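1. Quick one, fold the following:
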Amino acid sequence: MMAEFEKDQITPEAVVQETNDTVKENEEYSLNDDRRVKTLSPWRLVAKRFIRNRVAVTGLVVLIFMFLFSYLGGVLMPYRQDQIFYRYDSAQKRYAAVTENKELRYVTAEGEDFPSVAKAKFVSALNKKNPTFEANGVTYTYTEEGENFYSISRDGRIIALASLDIVSSSTGNEALPFDLQFSLLKAIADGAGSFDLNGNTYTVDDATLMLNGQEIAYASKFSIQASSSDIYLTRDFKEKLVEAIESGGNEFVYTDSTGLTAEYVLTYKAATGDWSVMQEVDTKVFDTYSGPSKEHWLGTDRNGMDMLTRLMYGGRVSLYIGFVVVIMETVLGVIMGGISGFFGGWVDMLIMRLVDIFYCIPSMPIIIILGAVMDQLRVDPQVRMLYLMLILGILGWAGIARLVRGQILSFREQEFMVAAEATGIRASRRIFKHLIPNVMPQLIVSMTMGLGSTIIMEATLSFLGLGVKFPFASWGNIINDVNDTFVLTNYWFIWIPAGVLLLATVLAFNLVGDGLRDAFDPKMNR
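-> Now for the predicted structure:
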């Protein structure tokens, strides 16, 4: 018994130890402890609730990636958003046209006139074998100089000739004198090997005219014309071309005097009875719709611009417009809603009727009309972007004003506002110092979810060609390429990446907005 009594006896040391433990426990859980105050911090509690929401955190991670992709990626990319890339393609370019003369061609002497009516009368007289004919009161005579070769005279002098053969210069595209053309055709018809003209002796060999051993002209029933004035067709080239036509070929290869070899394709047009000569040339063109490669990871668009770079800058523009518009809407909505909810009465009535008017405004038709006006006025793309943000901000503040007004109506009659009014604090300070901070949680949620809607609106307008204009990129005008069905079905790398980025960004903003709403008001989950 004595041993048990001594064991249960309370010693002074035990009392002191128990007292110290109690004091320590009271100090650890004291409301005056700074650690206790930090644990109860509202913003920290909101952050903890938000972090516990895995879906919201996933949305936040996606948004961080989008910001890094758009802003940091655009800085690190070696290309500019308006940089155009080129490639060399082998293409057929019209080089010349060839016509085989099956009807008489006319050449008029210098200073003479042989009108169309006279030509028609000549053909009629030729068919009737009448050596003379009359047109416009003038009498003409013709002489058959050779097969399908006629000279036409008026008042005893030759003024024109008609022949199936055409005389062309061998040294250029310049016109030859009428007398020289007539003399060459006459020599060919007579089978003469030479003729004298203006003190010079010309030689004729196989329809080729030569002077002092140098070729100066030739006659042929084929009319060969270069496609442009800067192209000179040599006699050798024309002979190769005629040879290919007469042999029935559709292509030939020609090497010029400089050693340059080119391929030519002949295309016969039955409707006109002539041939088109197409040359295979390497042409510098836009590198449009090039597939993904080492240089362009997501290929190029219709303007030959790098798609990955355009997506980065497009994300920058879309996010920039979204934030500016939402901030503008929030500022206007907070000011108007705060004044309306705090003062009430006729002020509240006036502002709410103004809100009703803005609710009734058909935003999309107005934006379409303003976009068409800016197109007509050819507004600079950068200025147009500012106008777009201003229009969207002005048309979208009414919803936030109504939200702020409703919150302030519920807060202004509470005890802390009565105490603030009793201390003599002016109205503007009571609104923006005491009321608005209590509305901030709802504003943050509204702004976060409104960002997604604004980005969708901008993308829709840009897709319709009414928003951001070239050369600036946005996800909306990038997707605009799917207006072409061929692009939609064959070039997936043009529109799918932009669509995925737009979907992911808007979805991420909505997830973050839902997470913030649940974090600020955890009762919403119940």
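
2. pLDDT weak spots in the stretch 1-150 of the chain?
-> The model of the stretch 1-150 of the chain has pLDDT under 70 over residues 1-41.

3. residue contacts, Q81?
-> The contact partners of Q81, by C-beta atoms under 8 Å, 6 or more residues apart in numbering, come to G74, M305, T309, R310, M312, Y313, P471, F472, A473. Glycine gets a C-beta too; all of them are placed from N, C-alpha and C.

4. repeat that for 6 Å
-> T309, R310, Y313, A473 (C-beta atoms under 6 Å, 6 or more residues apart in numbering).

5. so what's the backbone phi/psi at E110?
-> The phi and psi values for E110, taken as degrees, to the nearest 10, are phi -60, psi 130.

6. Please tell me how far it sits from L180.
-> Using C-beta to C-beta, to the nearest Å, we find E110 at a distance of 11 Å from L180.

7. Those two: which is more packed in?
-> L180 (20 against 9; other C-beta atoms under 10 Å).

8. Find the residue closest to the more buried one in space, skipping its chain neighbours.
-> L197 (6.4 Å; C-beta to C-beta, 6 or more residues apart in numbering).

9. pretty sure the one you found contacts S183?
-> Yes: contact criterion C-beta atoms under 6 Å: L197 and S183 qualify, at 5.3 Å.

10. So if I had to pick from those two, which one is more boxed in?
-> Neighbours per residue (other C-beta under 10 Å) separate L197 from S183, with S183 holding more: 20 against 14.

11. Show me the residue at the heart of this protein, geometrically.
-> Among the residues of the chain, the one closest to the centroid is F470, at 5.6 Å (C-alpha atoms, centre = their mean).

12. pLDDT wise, what is that residue at?
-> pLDDT for F470: 81.

13. any idea whether it is helix, strand or coil?
-> At F470, secondary structure determined by DSSP: H, G, I helix; E, B strand; the rest coil is coil.

14. Flag every buried residue along the longest strand belonging to the chain.
-> Longest strand in the chain, counting residues (DSSP state E): strand 86-100. By 16 or more other C-beta atoms under 10 Å, the buried positions in strand 86-100 come out as Q92, Y95, A96, A97, V98, T99.

15. Could you do stretch 424-439 as well?
-> Across stretch 424-439, burial judged by 16+ other C-beta under 10 Å covers R430, I431, H434, L435, I436, V439.

16. Select from those every entry located in helices.
-> When DSSP state H is applied, the buried residues of stretch 424-439 are split such that I436, V439 fall in helices.

17. just the helices in the stretch 101-250 of the chain please.
-> 116-128, 178-190, 235-246 (DSSP state H, counting those that start in this stretch).

18. Of the ones you listed, flag the one that's most buried.
-> Neighbour counts (mean count of other C-beta atoms under 10 Å) averaged over each of these peak at helix 178-190, with a mean of 19.

19. pull the CA atoms of that helix into PDB?
-> C-alpha atoms of helix 178-190 as PDB (Å, rounded to 0.1, in the frame of the first residue of the first chain):
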ATOM      1  CA  PHE A 178       8.800  46.500-149.000                       C
ATOM      2  CA  ASP A 179      11.000  46.500-152.100                       C
ATOM      3  CA  LEU A 180      13.300  44.000-150.500                       C
ATOM      4  CA  GLN A 181      10.500  41.700-149.500                       C
ATOM      5  CA  PHE A 182       8.900  41.800-152.900                       C
ATOM      6  CA  SER A 183      12.300  41.200-154.700                       C
ATOM      7  CA  LEU A 184      13.000  38.200-152.500                       C
ATOM      8  CA  LEU A 185       9.600  36.600-153.100                       C
ATOM      9  CA  LYS A 186       9.900  37.400-156.800                       C
ATOM     10  CA  ALA A 187      13.300  35.700-157.000                       C
ATOM     11  CA  ILE A 188      12.100  32.600-155.200                       C
ATOM     12  CA  ALA A 189       9.100  32.400-157.500                       C
ATOM     13  CA  ASP A 190      11.300  32.800-160.600                       C
END
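
20. rewinding a little: could I get the buried residues of stretch 424-439 as TSV with pLDDT?
-> As requested, the buried residues of stretch 424-439 are exported to TSV (pLDDT from 0 to 100):
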residue	pLDDT
R430	77
I431	73
H434	74
L435	76
I436	74
V439	80
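
21. Format the buried residues of stretch 424-439 as CSV; extra columns: distance to V487.
-> Formatted as CSV, the buried residues of stretch 424-439 follow (distance: C-beta to C-beta, whole Å):
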residue, distance to V487
R430, 58
I431, 53
H434, 56
L435, 53
I436, 49
V439, 47
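
22. just the buried residues of stretch 424-439 now: which is nearest I351?
-> Using C-beta to C-beta, I431 is the member of these that lies nearest I351, at 13.5 Å.

23. who touches that closest one in this structure?
-> Taking C-beta under 6 Å, 6+ apart, one finds G338, F342 in contact with I431.

24. now it: how far from V331?
-> Taken as C-beta to C-beta, the span from I431 to V331 is 14 Å.

25. again with Y387
-> From Y387 to V331 the distance is 18 Å (C-beta to C-beta).

26. Setting the sequence-adjacent residues aside, check what's closest to E110.
-> Leaving aside its chain neighbours, E110 sits nearest to F178 (5.8 Å; criterion: C-beta to C-beta, 6+ apart).

27. Just confirm the one you found contacts A109, I think it does.
-> Yes: in this structure F178 lies within contact range of A109 using C-beta under 6 Å: 4.3 Å.

28. Tell me where the stretch 251-400 of the chain has helices.
-> Taking DSSP H, counting those that start in this stretch as the criterion, the stretch 251-400 of the chain carries its helices at 307-343, 345-360, 363-377, 381-395, 398-411.

29. relative to helix 363-377, how tilted is the fourth one?
-> So the one you mean is helix 381-395. If you take axes from the mean of the first three to the mean of the last three C-alpha atoms, to 10 degrees, helix 381-395 sits at 160 degrees to helix 363-377.

30. Equivalent analysis for the last one, please.
-> Note on geometry: by the same axes, to 10 degrees, helix 398-411 and helix 363-377 are set 140 degrees apart in direction.

31. helices or strands up against helix 398-411?
-> Judged by 3 or more C-beta pairs under 6 Å, 6 or more residues apart in numbering; DSSP states H and E, the packing partners of helix 398-411 are helix 307-343, helix 345-360, helix 436-463.

32. and V324, what does it touch?
-> By C-beta under 6 Å, 6+ apart, the residues touching V324 are M389.

33. can you check L164 too?
-> Neighbour list for L164: N101, N148, K221 [criterion: C-beta under 6 Å, 6+ apart].

34. In space, what's closest to the second one - neighbours in sequence excluded?
-> Closest residue to N148 in three dimensions, ignoring its sequence neighbours and counting by C-beta to C-beta, 6+ apart: L164, at 4.4 Å.

35. Please report phi then psi for that neighbour.
-> When read as degrees, to the nearest 10, the backbone of L164 gives phi -80, psi -30.

36. For it, report the pLDDT, please.
-> What the model reports for L164 is a pLDDT of 87.

37. Start at 450, not 1
-> Okay, residue one is now 450; in that scheme the one you just asked about reads as L613.

38. Tell me how far it lies from K568.
-> Going from L613 to K568 by C-beta to C-beta gives 15 Å.

39. re earlier: figure out which of the helices of the stretch 700-849 of the chain is closest to K733.
-> Relative to K733, the nearest member of these by C-beta to C-beta is helix 756-792, separated by 20.8 Å.

40. Kindly give the local confidence score, pLDDT, for the nearest residue to F921 once chain neighbours are set aside.
-> In space, and not counting its chain neighbours, F921 is closest to P830: 5.4 Å by C-beta to C-beta, 6+ apart. The per-residue pLDDT reported for P830 equals 86.

41. now L956
-> L956 carries a pLDDT score of 92 in this model.

42. dump the residue contacts of it.
-> L956 makes no contacts at all, as judged by C-beta under 6 Å, 6+ apart.

43. Report the distance from the helix or strand harbouring it to the chain centre.
-> According to DSSP states H and E, L956 maps onto helix 941-969. Distance of helix 941-969 from its chain centroid, counting by C-alpha atoms, centre = their mean, to the nearest Å, is 25 Å.

44. That one to helix 885-912, inter-axis angle?
-> Put simply, helix 941-969 runs at 170 degrees to helix 885-912, going by the same axes, to 10 degrees.

45. Perfect, that will be all.
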